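Chemist: Take a look and give me a structure for this.
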Amino acid sequence: MAGESLKIRKELETFKQSTAKLSNKINSVGELWRDEGYVSLQAQMSELAKKSRTVIEHGERACSSTEKFFTIAAEEV
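Modeler: The predicted structure is shown next:
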């Protein structure tokens with residue numbers, strides 16, 4: 001079922017866009033707002049970005065594995 005992989009890819013794309021939007025908004029605020037609170041927020045955003053990359057990488061591997069599984073399953077039939 002390539003549909004399952006497609007669903008995961010769509011969710012990953014939504015996640016990527018949301019993460020990028022959040023990061024861009026925080027960076028744009030940073031141009032006006034430089035204090036300890038912003039520095040802390042920026043550090044937390046950096047950590048979130050690292051974790052987001054991990055989620056995206058794992059999601060892409062899940063899609064690839066799902067596609068391979070269904071390709072092999074179709075061959076067995």
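Chemist: now this protein, which segments are flagged as low pLDDT?
Modeler: Where the chain drops to pLDDT under 70, the residues are 1-2, 31, 76-77.
Chemist: just the strands in it please.
Modeler: Counting by DSSP state E, one finds no strands in the chain.
Chemist: just the helices in it please.
Modeler: Taking DSSP state H to define them, one finds helices in the chain at 2-30, 36-76.
Chemist: Mean neighbour count added to those helices, as a markdown table?
Modeler: For the C-beta atoms, the positions are set from N, CA and C on the backbone; glycine is no exception. What follows is the helices of the chain, written out as a markdown table (neighbours: other Cβ atoms under 10 Å):
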| stretch | mean neighbour count |
| --- | --- |
| helix 2-30 | 13 |
| helix 36-76 | 12 |
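Chemist: OK, contacts around residue 8?
Modeler: 59, 62-63, 66 (Cβ atoms under 8 Å, 6 or more residues apart in numbering).
Chemist: Just flag the most distant two among those.
Modeler: Farthest-apart pair in these is 59 and 66; separation 10.4 Å (Cβ to Cβ).
Chemist: can you tell me which residues contact residue 45?
Modeler: Here residue 45 is in contact with 22-23, 26 (Cβ under 8 Å, 6+ apart).
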